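Participant: sequence unknown, structure follows:
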């Protein structure tokens, strides 16, 4: 197909995805590079490159790629929010927390209910044990919109624990357990800490043991 139509975007995407997805990654990347060479304004092609950079854990490269996407987005929040969000995520992994929070704030100005940012922002604040009331407010939006998401329930429950609201936190962790929380060591560990704070030590030990096995 590519030999017949060497500069057709659909053919290049198809070939790139096929080879990259079947562990012939260098060949797949070559097709994606050809795609961007022929179509430098194709925003989907930039998102494909972004995914490759993510697979390679090239955080600085991801930041630059997201900035390219922002320059092409033309005010379209559908593209702007995930690009800004990803920049914030990358800065956090690079240890630049102030930049992370700055980009998260910019994302929320574009889309105040962008759930991945609301969750990550709230969780990172909880790790820092800073602005917990703000974190709780952001996290509350995520569980209102996706009440069965175990990641969002974990964040909200953990913030409640840090605020001393352990009974309410337990309710949300029990809900998380029903929707996949038992598969995540962090969720299990957080739940064990909440149970311990409530004096339910036997149950806390049980979930702590599950967390260690998952980890």
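Facilitator: Cool, got the structure. Here the structure is a predicted model, which means the values were calculated and not measured.
Participant: now residue 191: how far from residue 179?
Facilitator: Per C-beta to C-beta, to the nearest Å, residue 191 is found 13 Å from residue 179. Where you see a C-beta, it was placed from the backbone N, CA and C, and this is true even at glycine.
Participant: again but with residue 211, I slipped
Facilitator: 17 Å.
Participant: more neighbours, these two?
Facilitator: More crowded of residue 211 and residue 179, by other C-beta atoms under 10 Å: residue 211, with 20 against 15.
Participant: Centre-most residue in this structure?
Facilitator: residue 116 (5.7 Å; C-alpha atoms, centre = their mean).
Participant: Can you classify it as helix, strand or coil?
Facilitator: helix (DSSP: H, G, I helix; E, B strand; the rest coil).
Participant: Provide a list of residues in contact with it.
Facilitator: 82, 85 (C-beta atoms under 8 Å, 6 or more residues apart in numbering).
Participant: tell me the pLDDT at it?
Facilitator: We have a pLDDT of 97 for residue 116.
Participant: From residue 151, how far off is it?
Facilitator: 10 Å.
Participant: Next one: the nearest residue to residue 72 once chain neighbours are set aside relative to residue 71, how far apart?
Facilitator: Closest residue in space to residue 72, ignoring its immediate chain neighbours: residue 43 at 5.1 Å, by C-beta to C-beta, 6 or more residues apart in numbering. Remark: distance between residue 43 and residue 71 (C-beta to C-beta) = 10 Å.
Participant: Could you check which of those two has the larger neighbour count?
Facilitator: residue 43 (18 against 12).
Participant: Spit out the contact partners of the more buried one.
Facilitator: 69, 72, 73, 79.
Participant: Packing partners of the helix or strand hosting the last one?
Facilitator: Taking DSSP states H and E as the definition, one finds residue 79 inside helix 77-93. For helix 77-93, the elements it packs on are helix 59-72, helix 97-110, helix 115-128, judged by 3 or more C-beta pairs under 8 Å, 6 or more residues apart in numbering; DSSP states H and E.
Participant: out of those, deepest packed?
Facilitator: Greatest average neighbour count among the helices and strands packed on helix 77-93 goes to helix 115-128 (a mean of 21), per mean count of other C-beta atoms under 10 Å.
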